[in-house]
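Trainee: 3D model of this:
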Amino acid sequence: MNKGVRRITLPFRRNDKRWSAALLVGIVGSAVVQSSLAPVAAAEPVSVATDRQEQAIYERDGIAVSYVSFALPLPANAPAHPAACDRTGFLRYRPASGPGASRDADHVVVQQQGLGGGAVNSDGVAFNTVRSAMSLGTDIEFWALARRSACLDEMAGFDFALQSGNYLDAVDYYFNGKELGGQRFAGFRQSQDLQILDWMGLDRVVRDQYELMLAEMPDQGARQQKYVCTGISLGGLVTGMFADWDFDGNPATQGDAGFNQCAAFAAQDSMVSSDPAAIQNTPLFREITDVVVGGTNGVVQPGIRAGALPRILGPAPVVGTKAFLIYRLAGLAAHLQPDAESELLKHLPRDLIIDTTLNALFAPTLSSFVTGGADGSGNIRDFRFTNEALLGALIDNNSGNFALMQQGIGAFDGGPVQEKSFPNSGEATQIPLLGTYLRLSAGPQKRVVPTDRNALYSWRNYDEVQGAYYTAPNHEVADIREVARQLGTGAPTAYWETYFPLKVVVDIFAGFGGARSGEMDNLRYAGMSRTKPNFVAFAGDGFVQASAGALFPPPPLTQVTTLPGYNHVDTIGAAAVQNDGRPDYSGQYLAEFVSSLR
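Mentor: Numbers count the residues shown, from 1 in each chain. Next comes the predicted model:
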């Protein structure tokens, strides 16, 4: 849709005869529309990114991984910020024996991350997609994009611990004032300390992607043949916005439009759309929602900039700043000392946010959650775990209580367990209609909790779960050793962002609600991703397909597949080889889709 037309006429579409007949200026309006949509000769867009740098990370099984970054300074009026915030980049996965330049690859997958996800979030699916493509005889690159806000990630403690081999160095650095290499942690930043995030909303996210794509592949014809634009979870929504974004702000040109940079679109457990409710298809709704939602957004945005509304999830339990850091530290511990008895919880201070997070993830019953385990059930600090088992207790689909974080990474060993009923039992998700939405809380599987406070609980990996009554090999799909390595990663980019900007979410939902003015002025088109091949992979044990996927189905010609036994995060974090001997379904199916493009 051309927004220049909307400013000149009443609600009107070129092909809507009812409106054109009702308009007194119909003839003139029609001429304006035809003129504004006519092809306009324009120079191909050119990236303004400079100073390309590439840092080798590792090479394994014939796949080279590096971090590529470019200088792309924030606007001159942005608040003071670290120099790293004037660069943006991505993790690059490619066949080590393949082309050295991205433009020479057969295809390049460009992946946006989910809510709070850093570039390492997509390490598993990136590696597995390239691996599967190699087996198909196709040279595919995979770029796991890092949002600009990753420049604020906490890395020093992780980098030091990875060198020392002692995860407690990082734990004590962040929570107990330990000095590392002459440096002391300055403390967690609060919303009021993060004004720079006001410059890192949706426009910055999609514009960084655009600039990187142009910089690495200057020829537009090549971009339209080779780039496959994808996203996991929230990243799928961002990709939908990217497709419909007008990057030069000129309604008369479309060479710069997002959809004209991609050969195809794909999503893992998500959808690619800027207009899922099809508001833009109805002129009256389009105008009303822009006035109402756009006007509301015009009030909300100044509220964020003034600090009246939060910029980050910050103090929220389970999904806030400390919670995401604890997941990373648990991964670091399981990576460095997997079989050692964990001391992580002993080194975490007792405060409301930390204790609520741990209790919400571990509590077996409502009574246990309300009392913090004082009802006799105990809390997570009362039990003994190896570092791997502690990580499993927090995020495994048969133990952790929060579906969004769950992965099928194995099962407890070393002591007895009992089934959980908080926040609901896995069986409750079988209730017709209601059960679909109960998946949103804690997933569809039975969850269990340790019961013996003297036993040292250890962990069976995903391919060692035979005999665990509450799970089965076809519902365990991720290797805890790889998950731990990814979570414990240090510089240049983390698995979870420390300070994810909520402005990105606000911008997306303003766009979904019909805002096309103010800060959403460049969201000019609607549904243009549907004009290209589409692929969606849904998690079989997830909650997206049966909820949002049912309410807002993919385009009719989309290649839709369901990944059996996968949870939401498993769609990007599954093991390279599954328990049935087949390659990771997510990476394999995506590689097959990309390889089929001509």
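Trainee: And what about the residue nearest the centre of the chain, helix, strand or coil?
Mentor: Central residue of the chain (Cα atoms, centre = their mean): residue 114, 1.2 Å from the mean position. Recorded secondary structure, residue 114: coil (DSSP: H, G, I helix; E, B strand; the rest coil).
Trainee: For it, give its distance to residue 500.
Mentor: 10 Å (Cβ to Cβ, to the nearest Å). (Glycine included, C-beta is placed from N, CA and C.)
Trainee: Could you find the closest non-adjacent residue to the residue nearest to the centre of the chain?
Mentor: residue 233 (3.2 Å; Cβ to Cβ, 6 or more residues apart in numbering).
Trainee: Also residue 445?
Mentor: Nearest to residue 445 is residue 426, by Cβ to Cβ, 6+ apart, at 4.7 Å.
Trainee: I'd like to know how many residues surround that neighbour.
Mentor: 23 (other Cβ atoms under 10 Å).
Trainee: Residue 521 too?
Mentor: 14.
Trainee: Next: residue 59.
Mentor: Residues near residue 59, counting by other Cβ under 10 Å, number 11.
Trainee: Could you do the one 10 residues further on as well?
Mentor: When neighbours are defined as other Cβ under 10 Å, residue 69 has 20 of them.
Trainee: what's the helix or strand for it?
Mentor: strand 63-71 (DSSP states H and E).
Trainee: how about that strand: buried residues?
Mentor: 63-70 (16 or more other Cβ atoms under 10 Å).
Trainee: separation between the residue nearest to residue 445 and residue 360?
Mentor: Taken as Cβ to Cβ, the span from residue 426 to residue 360 is 17 Å.
Trainee: likewise residue 119?
Mentor: Looking at residue 119 against residue 360, where the rule is Cβ to Cβ, the gap reads 27 Å.
Trainee: out of the two, which sits in the more crowded spot?
Mentor: Set residue 119 next to residue 360 and count neighbours by other Cβ under 10 Å: residue 119 wins out with 26 against 17.
Trainee: which ones are touching that one?
Mentor: 67, 90-91, 113, 144-146, 150, 493 (Cβ atoms under 8 Å, 6 or more residues apart in numbering).
Trainee: quick check, nearest of these to residue 158?
Mentor: residue 493 (11.1 Å; Cβ to Cβ).
Trainee: so which helix or strand takes in the closest one?
Mentor: Going by DSSP H and E, residue 493 is not part of any helix or strand.
Trainee: burial count for it?
Mentor: The burial count for residue 493: 27, using other Cβ under 10 Å.
Trainee: Nearest spatial neighbour of it, chain-adjacent residues omitted?
Mentor: Using Cβ to Cβ, 6+ apart and skipping residues adjacent in sequence, the residue nearest residue 493 is residue 119, 4.3 Å away.
Trainee: can you check residue 449 too?
Mentor: Nearest non-adjacent residue to residue 449, counting by Cβ to Cβ, 6+ apart: residue 364, 4.2 Å away.
Trainee: what does residue 506 give?
Mentor: residue 300 (6.2 Å).
Trainee: Now for the chain: which helix has the highest residue count?
Mentor: With DSSP state H setting the assignment, residue counts place helix 283-305 as the longest helix in the chain.
Trainee: In terms of secondary structure, what does it contact?
Mentor: helix 3-8, helix 502-512 (3 or more Cβ pairs under 8 Å, 6 or more residues apart in numbering; DSSP states H and E).
Trainee: Just give me how far stretch 391-411 sits from the chain centre.
Mentor: 18 Å (Cα atoms, centre = their mean, to the nearest Å).
Trainee: Please find the angle between the direction vectors of the strand ranked longest in the chain and strand 63-71.
Mentor: Ranked by residue count, the top strand of the chain under DSSP state E comes out as strand 50-60. Counting by axes from the mean of the first three to the mean of the last three Cα atoms, to 10 degrees, strand 50-60 points 160 degrees away from the direction of strand 63-71.
Trainee: List the buried residues in strand 50-60.
Mentor: Going by neighbour count (16+ other Cβ under 10 Å), the buried part of strand 50-60 is residue 57.
Trainee: Go ahead and name everything in contact with it.
Mentor: 64-72, 91-92, 96, 127, 215, 492.
Trainee: and it, which strands flank it?
Mentor: strand 63-71 (antiparallel) (DSSP bridges).
Trainee: starting at the chain centroid, how far to the next helix or strand along the chain from the partner strand?
Mentor: Going down the chain from strand 63-71, the next helix or strand is strand 87-95, by DSSP H and E. Strand 87-95 sits 16 Å away from the centroid of its parent chain (Cα atoms, centre = their mean).
Trainee: tell me what strand 87-95 is packed against?
Mentor: Counting by 3+ Cβ pairs under 8 Å, 6+ apart, strand 87-95 packs on strand 63-71, helix 123-135, strand 140-146, helix 202-216.
Trainee: Pick the most deeply packed of those.
Mentor: Burial of the helices and strands packed on strand 87-95 is given as mean neighbour count (mean count of other Cβ atoms under 10 Å); strand 140-146 ranks first at a mean of 28.
Trainee: strands paired with that one, and their directions?
Mentor: strand 87-95 (antiparallel), strand 107-112 (parallel).
Trainee: Would you mind pulling the contact partners of it?
Mentor: With contact meaning Cβ under 8 Å, 6+ apart, strand 140-146 is reached by 68, 88-94, 102, 105-113, 118-123, 125-127, 129-130, 133, 208-209, 212, 493, 591, 594-595.
Trainee: Of all the residues in whichever helix or strand comes after that strand, which ones are buried?
Mentor: Per DSSP H and E, the first helix or strand lying C-terminal to strand 140-146 is helix 156-164. By 16+ other Cβ under 10 Å, the buried positions in helix 156-164 come out as 156-158, 160-162.
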